[in-house]
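A.B. asks: Need a 3D model of the sequence below.
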Amino acid sequence: MSIRLALIIGLFAASSAAFGQIYRTVDANGNVVFTDIAPVDRSAGAASQAITVQPVNTFQPPVQAAPANTPVTSTASDYYSELVVIFPTEDATIRDNAGNIQIEVAISPGLRSDHRLLLVLDGEPTEVEAENGVFELSNVDRGTHTAGARVVDRQGNVLIESNPTTFNLMRVAVPPQRPGVPTPPPATAPRR
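C.D. replies: The predicted structure is shown next:
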């Protein structure tokens with residue numbers, strides 16, 4: 001039996017449990033056809049045969065019991081092994097005229113549901129909370145800044161804090177109009 005034929009039989013065998021019977025017929029040219037629909041015998045050739053297919057081997061992986069939901073005490077400072085700012089990188093330059101910045105952190109193990117991941121910007125703790133490890137900031141002033149993160153529990157205890165990373169934000173600066181200096185009129189085309 002060819003590999004192709006074995007594959008076709010195997011596919012039909014897998015579907016036979018769900019759809020019912022499998023039929024084998026040979027057409028006028030001698031081609032073997034497998035189908036799950038009973039063919040109508042319109043020729044004087046051999047009638048279709050019903051095929052009994054052996055059950056297909058299946059594997060069901062064992063289901064591990066979920067660990068008991070015993071929360072670790074929220075003051076356990078050794079729960080997290082790593083908290084690091086991965087973007088922006090140290091001394092990176094970001095160009096965004098609106099001052100929009102994404103600060104991305106990596107935490108290991110993942111953040112627990114009873115803990116919060118908060119931003120530390122320019123050395124000052126904030127209440128800006130991360131969404132999937134990313135802080136979204138807008139309208140940040142241009143210049144050099146530091147960014148870090150900290151994990152706090154429900155009581156506000158700091159469990160772990162990252163080292164800060166320094167980045168530079170460049171925004172286009174429009175110089176203010178000096179008082180007393182008139183604004184030149186817009187240029188017009190000469191009349192002919």
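A.B. asks: Paired strands for the top strand by length along the chain, with orientation please.
C.D. replies: Counting by DSSP state E, the longest strand found in the chain is strand 143-152. Applying DSSP bridges to the sheet, strand 143-152 is found paired with strand 116-121 (antiparallel), strand 158-161 (antiparallel), strand 165-170 (antiparallel).
A.B. asks: what are the phi and psi values for the spatially most central residue of the chain?
C.D. replies: Central residue of the chain (Cα atoms, centre = their mean): residue 132, 9.4 Å from the mean position. Residue 132 adopts backbone torsions of phi 60, psi 40, taken as degrees, to the nearest 10.
A.B. asks: one step back: in the longest strand of the chain, what's buried?
C.D. replies: Neighbour counts over strand 143-152 (16 or more other Cβ atoms under 10 Å) mark 145, 147-152 as buried. The way it works is simple: take the backbone N, C-alpha and C, and place the C-beta from them, glycine included.
A.B. asks: Take those and lay them out in JSON lines including pLDDT and distance to residue 117.
C.D. replies: Shown next, in JSON lines, are the buried residues of strand 143-152 (pLDDT from 0 to 100; distance: Cβ to Cβ, whole Å):
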{"residue": "145", "pLDDT": "91", "distance to residue 117": "19"}
{"residue": "147", "pLDDT": "91", "distance to residue 117": "13"}
{"residue": "148", "pLDDT": "91", "distance to residue 117": "11"}
{"residue": "149", "pLDDT": "91", "distance to residue 117": "6"}
{"residue": "150", "pLDDT": "90", "distance to residue 117": "8"}
{"residue": "151", "pLDDT": "90", "distance to residue 117": "6"}
{"residue": "152", "pLDDT": "89", "distance to residue 117": "8"}
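A.B. asks: for the closest residue to residue 163 other than its chain neighbours, which residues make a bridge with it?
C.D. replies: Nearest in space to residue 163, with sequence neighbours left out and distances taken as Cβ to Cβ, 6 or more residues apart in numbering, is residue 148 at 6.6 Å. Note on residue 148: beta-bridge partners by DSSP bridges are residue 120.
A.B. asks: pretty sure residue 148 contacts residue 85?
C.D. replies: Yes. Here residue 148 lies in contact with residue 85, judged by Cβ atoms under 8 Å, at a distance of 6.2 Å.
A.B. asks: Please state the mean pLDDT value computed over stretch 31-39.
C.D. replies: The average pLDDT for stretch 31-39 rounds to 77.
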